[in-house]
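Participant: heads up, no residue letters with this:
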């Protein structure tokens, strides 16, 4: 294979791959191309079928004409025999034999032409049916693809509506609240360990002790007075 032939094949390969990618992205184009190709084949087959049918009709017309001519020759031959015109009868016999052979051939040709016409018509109807099926498939498959694409878009939108951002925002708020509580607890702990606070608490405790001691003295004095009154 020459260099230019290989280069041409390589270019065809690249073009074929590019077309395949385009058709995958746009399946309606692939279906339309297939349908158009089938329509072109249908048109060519229709012309071929018309030619086959025309040939069948021509053979049928020739056969009818030869059969009519054969009937006339047979009639003339009988008349020649009855009138003893032997020379004319010989000519008519030869003509009759030739017509009979031609009629036989035409009948065979007509039978073949009829079969060809039926086969061509069946093929034509088959291609026509395939075109209809392909058109119906195109509509169904494109509808399915549109539905699938819509579902994909909805799924993408649902994924876009994820609550992750909201949860993260709440996590930040929760963390802030915990930090505030920790700071408050720390302030309380620091206040409890403050020396001034401890001294003030000690003084409060000492005051309570003194007050209790004074209370005990007052009670003792009151009890002594009661005892002196009784002794008198």
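Facilitator: Perfect, I can see it now. Since we're looking at a predicted model, the values are computed, not measured.
Participant: from the chain's centre, how far out does the helix or strand where residue 71 lies sit?
Facilitator: Using DSSP states H and E, residue 71 maps to helix 27-82. Offset of helix 27-82 from its chain centre (Cα atoms, centre = their mean, to the nearest Å): 45 Å.
Participant: so what's residue 42 closest to, chain neighbours aside?
Facilitator: residue 127 (4.7 Å; Cβ to Cβ, 6 or more residues apart in numbering). C-betas here are computed from N, CA, C, even on glycine.
Participant: Run through the residues that contact that neighbour.
Facilitator: 38, 41, 42, 45 (Cβ atoms under 8 Å, 6 or more residues apart in numbering).
Participant: Averaged pLDDT, the helix or strand hosting residue 104. What do you get?
Facilitator: Residue 104 is part of helix 86-160 when elements are defined by DSSP H and E. Taken as a whole, helix 86-160 carries a mean pLDDT of 90.
Participant: Distance-wise, check residue 185 relative to residue 54.
Facilitator: Distance, residue 185 to residue 54, by Cβ to Cβ, to the nearest Å: 107 Å.
Participant: measure the residue nearest to residue 42 to residue 55 for me?
Facilitator: To residue 55, residue 127 is 21 Å away according to Cβ to Cβ.
Participant: Kindly report the same for residue 27.
Facilitator: According to Cβ to Cβ, residue 27 and residue 55 sit 42 Å apart.
Participant: Residue 28: how many residues sit nearby?
Facilitator: When neighbours are counted by other Cβ atoms under 10 Å, residue 28 registers 12.
Participant: can I assume it is in contact with residue 139?
Facilitator: No: if you go by Cβ atoms under 8 Å, residue 28 and residue 139 don't touch, sitting 10.0 Å apart.
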